[in-house]
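Participant: Pasting the sequence and the predicted coordinates here, then a few questions.
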Amino acid sequence: MTFAKKALSIGMLSSLGLAGAAIAQTAINGAGATFPAAFYQRAFAGAAGQGIKVNYQSVGSGAGVRQYVAGTVDFGATDEPIKASEAAKVKRGVVQFPAVGGTIAVAFNKADCNGLKLTQKQVVDIFLGKINTWDQLKCGKGKITVAHRSDGSGTTFAFTNSLSAFSSEWKSKVGEGKSVKWPVGVGGKGNEGVAGVITNTPGAIGYINQSYVRGNIKAAALQNKAGKFVMPTLAGGAAALNNIQLDSRLAGEDPNPAGDKSYPISTLTWILAYQEGNGLKAGPIRKAMLYLLGPAQNQADELGFVPLKGDILKKAKAAVAKIGA
């Protein structure tokens, strides 16, 4: 080999090495739901051990979907499946799949109230403002401060969707959505914000992902469709999620699931990726998402989430394969 050819070969190998290093160091950026944020942070920290760097911003489902549709992130995250009108704006093709399950706790801060059990009607009446003192719940005395989300939120969609299933009055007066006109209450941004309001306000009650129930925050047992009172645990969430049937877009919900053991406000949360236009990031994105759907599921329960299993998990992994360059 001549000196010139040898130099060229070395140069090409160096370039390939630098390109490979650049790919390995390229960060994947995602944004969206606060509901699964603790799970995503743990999962993506694990993916970092495989050389995949993922930056996830917990900004709420509404903001996450907007950024995804605008193409300013590599993936979005939402607790409400993407609407057809939103998906139509994504020219790169939508790859949507469930990432983990969870329960939405009706959580409260009342030191002298233990073992709180709420019927579906009571939950609705609290958020309608009809029940406004703890005396009415026979759990101590004092005023109830309702805490709710102030931002566009998939957690709000899932919660209000269940309240609409519980009550025709709620459905007609307030309805369901990522944002609704709350009859009463104080707003907080993100699950973190609502948890902060509850923590700092004795007598407060609100709705948050079970993973945010800690410190002086306690969760109530809710009456389910079968009339049983169930806590927002792994067992209650898993029993509820077993009722969900996914459609062709891997979306699905059951706002008031059947079964004695089902916790009534249980939901899936979704990742939104692109079918094409990912370039050199396609491989790392697939690898990160398969880690999310693989080893990370084993850590879901300890973080307060419900791991995916069976057919739902199989379909989610199959969707990841559609993420192309």
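Facilitator: That came in fine, so what should we check first?
Participant: Can you list the residue ranges for strands in the stretch 101-250 of the chain?
Facilitator: Using DSSP state E, counting those that start in this stretch, the strands of the stretch 101-250 of the chain run over 117-118, 145-149, 186-188, 204-209, 218-219, 221-223, 229-230.
Participant: Of all those strands, which one comes closest to K314?
Facilitator: strand 204-209 (24.9 Å; Cβ to Cβ). The way it works is simple: take the backbone N, C-alpha and C, and place the C-beta from them, glycine included.
Participant: Out of the strands of the stretch 101-250 of the chain, which is the most enclosed?
Facilitator: For these, the largest average neighbour count (mean count of other Cβ atoms under 10 Å) is found in strand 204-209, namely a mean of 28.
Participant: ok, and what's touching that one?
Facilitator: 34-36, 102-110, 126, 144-148, 155-156, 159, 185-186, 188, 191, 194-195, 197-198, 217, 265, 304-305 (Cβ atoms under 8 Å, 6 or more residues apart in numbering).
Participant: run the last query once more with 7 Å
Facilitator: By Cβ atoms under 7 Å, 6 or more residues apart in numbering, the residues outside strand 204-209 that reach it are 35, 102, 104-109, 126, 144-148, 155, 159, 191, 194-195, 197-198, 304.
Participant: So which residues of the stretch 201-325 of the chain form helices?
Facilitator: Assigned by DSSP state H, counting those that start in this stretch, the stretch 201-325 of the chain shows helices spanning 234-241, 282-293, 310-320.
Participant: Kindly reformat the ones you listed as TSV and extend each row with mean neighbour count.
Facilitator: What follows is the helices of the stretch 201-325 of the chain, written out as TSV (neighbours: other Cβ atoms under 10 Å):
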stretch	mean neighbour count
helix 234-241	23
helix 282-293	21
helix 310-320	16
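Participant: Need those in CSV (columns: distance to T119).
Facilitator: Output for the helices of the stretch 201-325 of the chain, formatted as CSV (distance: least, Cβ to Cβ, whole Å):
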stretch, distance to T119
helix 234-241, 16
helix 282-293, 36
helix 310-320, 30
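Participant: Figure out which of these is closest to S248.
Facilitator: Per Cβ to Cβ, nearest to S248 of those: helix 310-320, 10.2 Å.
Participant: show me what contacts the closest residue to Q275 other than its chain neighbours?
Facilitator: Excluding its sequence neighbours, the residue lying closest to Q275 (Cβ to Cβ, 6 or more residues apart in numbering) is G93, at 2.9 Å. G93 makes contacts with 274-276, as judged by Cβ under 7 Å, 6+ apart.
Participant: Distance check, G93 against V73.
Facilitator: 15 Å (Cβ to Cβ, to the nearest Å).
Participant: One more: G294?
Facilitator: 22 Å.
Participant: Quick check: closest non-adjacent residue to Q122.
Facilitator: Distances taken as Cβ to Cβ, 6+ apart place I131 nearest to Q122, at 6.3 Å, with adjacent residues excluded.
Participant: same deal with S61?
Facilitator: G154 is the one closest to S61 (Cβ to Cβ, 6+ apart), at 3.3 Å.
Participant: Let me see the contact set for the one you found.
Facilitator: 33, 35, 61, 78-80, 178, 269.
Participant: what helices or strands is the helix or strand containing G76 leaning on?
Facilitator: Following DSSP states H and E, one finds G76 within strand 75-78. Counting contacts by 3 or more Cβ pairs under 7 Å, 6 or more residues apart in numbering; DSSP states H and E, strand 75-78 packs against strand 27-32, helix 61-70, strand 266-274.
Participant: Contacts for that strand next, please.
Facilitator: 30-33, 36, 61, 64-65, 67-68, 154, 269-273, 285.
Participant: Helices - which of the contacts of strand 204-209 land there?
Facilitator: Of the contacts of strand 204-209, the ones assigned to helices by DSSP state H are 126, 155, 159, 191, 194-195, 197-198.
Participant: Out of those, the closest to A251 would be?
Facilitator: For the ones in helices among the contacts of strand 204-209, the nearest to A251 is T155 (16.3 Å; Cβ to Cβ).
Participant: got the contact list for the nearest residue to that closest one once chain neighbours are set aside?
Facilitator: Nearest in space to T155, with sequence neighbours left out and distances taken as Cβ to Cβ, 6+ apart, is F35 at 4.7 Å. Going by Cβ under 7 Å, 6+ apart, F35 touches 79, 102, 154-155, 191, 209, 269.
Participant: chain center to stretch 93-107: distance?
Facilitator: 4 Å (Cα atoms, centre = their mean, to the nearest Å).
Participant: Output that stretch as CSV, restricted to C-alpha atoms.
Facilitator: The C-alpha trace of stretch 93-107 is given here as CSV (Å, rounded to 0.1, in the frame of the first residue of the first chain):
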residue,chain,number,x,y,z
GLY,A,93,-45.8,9.4,10.4
VAL,A,94,-47.0,8.6,13.9
VAL,A,95,-45.7,5.7,15.9
GLN,A,96,-47.7,5.5,19.1
PHE,A,97,-47.4,2.9,21.8
PRO,A,98,-48.2,2.5,25.5
ALA,A,99,-45.1,2.7,27.7
VAL,A,100,-46.4,1.9,31.3
GLY,A,101,-49.6,1.9,33.3
GLY,A,102,-50.5,3.8,36.4
THR,A,103,-53.3,4.7,38.8
ILE,A,104,-54.6,8.2,39.6
ALA,A,105,-55.0,8.6,43.3
VAL,A,106,-57.5,10.9,45.0
ALA,A,107,-54.9,12.2,47.5
